[in-house]
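Chemist: build me a structure from this.
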Amino acid sequence: MSGSLTDIIPYEITDDLEFDQEDFRKEKLDHLDYKMVTFTLGGKDFGIDIMKVKEISKANRFTYVPNAAPYVRGVYNLRGDIISIIDLRVMFNVPRGNSQDAQGEQMIILRLENNVLGVIVDSIDKVVGINSKTIQPPHPIFGDINIQFISGIVENDRRLYLILDVDRIFSQEKEEETSSPASELHIAEPEITSDPKQVQNLDYTFISESLATFMKFHVSNLNEEWIKLRVEEWRMERQKIGRDVQIQVSEEAEVFLSPFYSPFSGILWDEDFRSSVKSLLPDTTANVVNLWNPGCASGLESYSLATIAKEKYAGKRTKIWAYDNNLLEISTAPAMVLNKAKTPACYDQYLTETSNGLQFSTEIKEMILFEYHDIVNDNHVPPMDVVVARDLLSFLNSENQMKLISEIKECMKPGGLLLLGRNELLDSPDWKPVGQGKVRGYIKL
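Modeler: Predicted structure coming up:
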């Protein structure tokens, strides 16, 4: 690689030519006609033409594909697109660095001519601009990686970069002249089995990942029974309209989840539902009764709960802790104005006309403490008689689901009631299931 001025400036410098430093700097910058995304792999520096890079990402949840080559980590749901994930360290048989952190493996998402796929590397560095004329041909000294997969070598800022030819590496036509094991990588998409059972399992996994991506809905032991039934139902629905079973956009995820939600979500409970919940509330001899409603949203559920508690625990001091992380809704809940035409008659005795409109009475309002709080953080509440967390847990990741269930158990009085969503199942020896149909409850043992 030459570094003389004549390699950069297209004219000869003589004693008669006045040299302008600014012109020289601009001329040099004008020749930075090649950009590459640089990364490390097995202790060496590599680059990929930036025109082949769609984005960089981190992930650690890959779906295993049966009978795939060892270098195929699996497939990944990239905002609705199912792409193959290739581990370049395994592919090139190089030592694996400490690439994975809490957020997952370092990935470069490639956009090739007819394919999008991800490659896992040790660490992603930066974008480097170079003069394409400084790229040198590959040399056999780099024999640990098949030389045909290296398009060139370039030095920049005292670092030597091997530029990968990703088109050749992941081309779909196998070149007969190479005998390297890495040549097997010409199949960019792993072959997925046609076994109906395995296909169904993949559908289930892909849909689960799509729900997490688009709706923050996390499949776990809590809801997987419903999800499995819904996937089969969804498959038949999609076949009838000639659509693919996979969820591609957020609107499809919303339609998929629409049957999941519990009755009267986001609206006042009607008389029948109030009666069902009231029948499950535990009896107590204590003079103080505490209820917790995490994820109270607009507050209508908390108001419904307050009117029931008012009847069930007449004469006792009853308090409801209503939490939500939607600042706008939690701020407006205490001053909620109701539409008389949309308010069930069973609430008439708890309502009053104010200058702002129809609202719940002061007595009902004073029973509820609305508070902005994210329940994934520590929750400091007094011993509870009742916790209403319908559908909430399913929108937390598995770790936070377990954390919140543990916190509820710790704060719940023996014999206390936990209400979950209609399609959420809590299988634990610490809880006894009660109720059926629209209301699903659990008594702490």
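Chemist: okay, CA-based contacts and neighbour counts for the rest of this
Modeler: Noted.
Chemist: where along the stretch 301-445 of the chain do the helices fall?
Modeler: 327-332, 362-365, 398-411 (DSSP state H, counting those that start in this stretch).
Chemist: CA atoms only: put the longest one into CSV for me.
Modeler: Meaning helix 398-411. In CSV, the C-alpha atoms belonging to helix 398-411 read as follows (Å, rounded to 0.1, in the frame of the first residue of the first chain):
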residue,chain,number,x,y,z
SER,A,398,-41.2,-13.8,32.3
GLU,A,399,-38.7,-12.4,34.8
ASN,A,400,-41.0,-9.6,35.9
GLN,A,401,-44.0,-11.9,35.9
MET,A,402,-42.4,-14.1,38.5
LYS,A,403,-41.1,-11.0,40.4
LEU,A,404,-44.6,-9.5,40.7
ILE,A,405,-46.3,-12.8,41.6
SER,A,406,-43.7,-13.2,44.4
GLU,A,407,-44.3,-9.6,45.6
ILE,A,408,-48.1,-10.2,45.6
LYS,A,409,-47.6,-13.4,47.6
GLU,A,410,-45.4,-11.6,50.1
CYS,A,411,-47.9,-8.7,50.7
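Chemist: want to try TSV for the helices of the stretch 301-445 of the chain, with distance to residue 381, mean neighbour count and mean pLDDT as columns?
Modeler: Output for the helices of the stretch 301-445 of the chain, formatted as TSV (distance: least, CA to CA, whole Å; neighbours: other CA atoms under 10 Å; pLDDT from 0 to 100):
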stretch	distance to residue 381	mean neighbour count	mean pLDDT
helix 327-332	18	15	93
helix 362-365	19	16	96
helix 398-411	7	16	94
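Chemist: compare the ones you listed and give me the one nearest residue 221.
Modeler: helix 398-411 (9.0 Å; CA to CA).
Chemist: which residues does residue 436 contact?
Modeler: By CA atoms under 8 Å, 6 or more residues apart in numbering, the contact set of residue 436 is empty.
Chemist: roughly how far does it sit from residue 280?
Modeler: Here residue 436 is placed at a distance of 10 Å from residue 280 (CA to CA, to the nearest Å).
Chemist: likewise residue 286?
Modeler: Taken as CA to CA, the span from residue 286 to residue 280 is 17 Å.
Chemist: right, so of the helices of the stretch 301-445 of the chain, which gets closest to residue 253?
Modeler: helix 398-411 (19.2 Å).
Chemist: quick one: residues in contact with the closest one.
Modeler: Taking CA under 8 Å, 6+ apart as the rule, helix 398-411 contacts 218-220, 375-376, 379, 381-384, 387, 393-394, 444.
Chemist: that older thread, now the helices of the stretch 301-445 of the chain in a markdown table, with distance to residue 54?
Modeler: What follows is those, written out as a markdown table (distance: least, CA to CA, whole Å):
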| stretch | distance to residue 54 |
| --- | --- |
| helix 327-332 | 36 |
| helix 362-365 | 53 |
| helix 398-411 | 30 |
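Chemist: nearest to residue 42, out of those?
Modeler: helix 398-411 (32.6 Å).
Chemist: buried subset of the contacts of helix 398-411?
Modeler: For the contacts of helix 398-411, a neighbour count by 16 or more other CA atoms under 10 Å gives the buried set as 218, 219, 220, 375, 383, 384, 387, 393, 394, 444.
Chemist: surely the second one is in contact with residue 394?
Modeler: It stands for residue 219. Yes. Residue 219 is within contact range of residue 394, at 7.0 Å (criterion: CA atoms under 8 Å).
Chemist: any weak-confidence spans in this structure?
Modeler: Within the chain, the ranges that satisfy pLDDT under 70 run 1-30, 97-103, 140-145, 172-202.
Chemist: which parts of stretch 84-101 are buried?
Modeler: Going by neighbour count (16+ other CA under 10 Å), the buried part of stretch 84-101 is 84, 85, 86, 87, 88, 89, 90, 91, 92, 99, 100.
Chemist: contact partners for the fourth one?
Modeler: Remark: with contacts taken as CA under 8 Å, 6+ apart, residue 87 is in contact with 71, 72, 73, 119, 120, 121.
Chemist: contacts only, for the residue sitting nearest the centre point of the chain.
Modeler: Nearest to the geometric centre of the chain sits residue 213, at 4.1 Å (CA atoms, centre = their mean). Going by CA under 8 Å, 6+ apart, residue 213 touches residue 79.
Chemist: helix or strand for it, which one?
Modeler: Under the criterion of DSSP states H and E, residue 213 resides in helix 196-215.
Chemist: so which of the helices of the stretch 301-445 of the chain is nearest residue 270?
Modeler: helix 362-365 (17.3 Å).
Chemist: contact partners of that closest one?
Modeler: By CA under 8 Å, 6+ apart, helix 362-365 touches 303, 306, 307, 334, 350.
Chemist: so residue 369 bridges to which residues?
Modeler: residue 321 (DSSP bridges).
Chemist: quick one: contacts for it?
Modeler: The neighbours of residue 369, taking CA under 8 Å, 6+ apart as the test, are 319, 320, 321, 322.
Chemist: correct me, but the first one touches residue 291?
Modeler: Spelled out, that is residue 319. Yes. Shown here, residue 319 and residue 291 form a contact pair, counting by CA under 8 Å, at 6.2 Å.
Chemist: please say which of these two ends up with more neighbours.
Modeler: More crowded of residue 319 and residue 291, by other CA atoms under 10 Å: residue 291, with 28 against 20.
Chemist: which SS class is that one?
Modeler: strand (DSSP: H, G, I helix; E, B strand; the rest coil).
Chemist: and residue 276, what does it touch?
Modeler: Residue 276 makes contacts with residue 439, as judged by CA under 8 Å, 6+ apart.
Chemist: again with residue 112
Modeler: Contacts for residue 112 (CA under 8 Å, 6+ apart) come out as 52, 167.
Chemist: with residue 290 as the reference, measure out to it.
Modeler: Distance from residue 112 to residue 290, by CA to CA: 59 Å.
Chemist: which SS class is residue 230?
Modeler: helix.
Chemist: okay, now it: neighbour count?
Modeler: Neighbour tally, residue 230, other CA under 10 Å: 17.
Chemist: how about it, what does it touch?
Modeler: Residue 230 makes contact with residue 256 under the criterion CA under 8 Å, 6+ apart.
Chemist: I'd like the numbering to begin with 8 instead of 1 from here.
Modeler: Will do, 8 is the new start, and the previous item becomes residue 237.
Chemist: now do it against residue 440, distance only.
Modeler: 23 Å.
Chemist: repeat for residue 283
Modeler: 15 Å.
Chemist: just to revisit the earlier point, for the contacts of helix 405-418, give me TSV that also has distance to residue 85.
Modeler: Formatted as TSV, the contacts of helix 405-418 follow (distance: CA to CA, whole Å):
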residue	distance to residue 85
225	16
226	18
227	21
382	28
383	25
386	34
388	39
389	42
390	43
391	42
394	36
400	24
401	21
451	41
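Chemist: ok, so of those residues, who is nearest residue 140?
Modeler: Distance to residue 140 across the contacts of helix 405-418 (CA to CA) is lowest for residue 225, with 50.7 Å.
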